[in-house]
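In: Using only what follows, build the 3D model:
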Amino acid sequence: MEGAIERLCREATDAVLADINILILSDRATGPDRTPIPAALATAAVHHHLIRQGLRMQTGLVIETGEAREVHHFCVLAGYGAVGREPLSRLSRPWRRSAPRTASPRPPTRSARTTSRPSARVS
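Out: Below is the predicted model of the structure:
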């Protein structure tokens, strides 16, 4: 794992020096013979490596991962330096329409909060 992270950081440095201003870290090409680096670890490693090189402000990090499923996961990636996140589950699933409703919707109700300003009482 350490060698893969070092290679990832080296490739990120080379890309930034080649004037690439958006780096996309992805775990899309995983398989039985390719184990992904955890998204938070890869993001943090590249982020801090580029800071040490003085190159971090020249690029943005976008993370494409199937690991992030909850809000907390996306917040962790943002905390580790990602400026954009795209969950693979959203990309791999076709958009589905919900089934049409069979029952008619309830009529809107009027509540005190949705009425206009109350009139002033004169005593």
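
In: how about low-confidence regions in this structure?
Out: 85-123 (pLDDT under 70).

In: quick one, helices of it?
Out: 2-17, 39-53, 71-79, 88-92 (DSSP state H).

In: Report the buried residues of the longest one.
Out: The one in question is helix 2-17. Neighbour-count burial for helix 2-17, counted by 16 or more other CB atoms under 10 Å, picks out Ile5, Leu8, Cys9, Ala12, Thr13, Ala15, Val16. To be clear about C-beta, it is placed using only N, CA and C from the backbone, and glycine gets the same treatment.

In: and it, what does it pack onto?
Out: strand 22-26, helix 39-53 (3 or more CB pairs under 8 Å, 6 or more residues apart in numbering; DSSP states H and E).

In: Pick the most buried one from those.
Out: helix 39-53 (a mean of 19; mean count of other CB atoms under 10 Å).

In: From Ala78, how far out is Asp14?
Out: 25 Å (CB to CB, to the nearest Å).

In: just Asp33 next, same as before
Out: 31 Å.

In: What is the neighbour count of Ala29?
Out: Around Ala29 there are 7 other residues, counting by other CB atoms under 10 Å.

In: Could you do Thr65 as well?
Out: Thr65 - counted by other CB under 10 Å - has 26 other residues nearby.

In: residues contacting the closest residue to it other than its chain neighbours?
Out: Nearest residue to Thr65 in three dimensions, chain neighbours excluded: Ala39, at 4.1 Å (CB to CB, 6 or more residues apart in numbering). Contact analysis of Ala39 by CB atoms under 8 Å, 6 or more residues apart in numbering lists Leu25, Asp27, Ile63, Thr65, Glu67, Ala68, Leu77.
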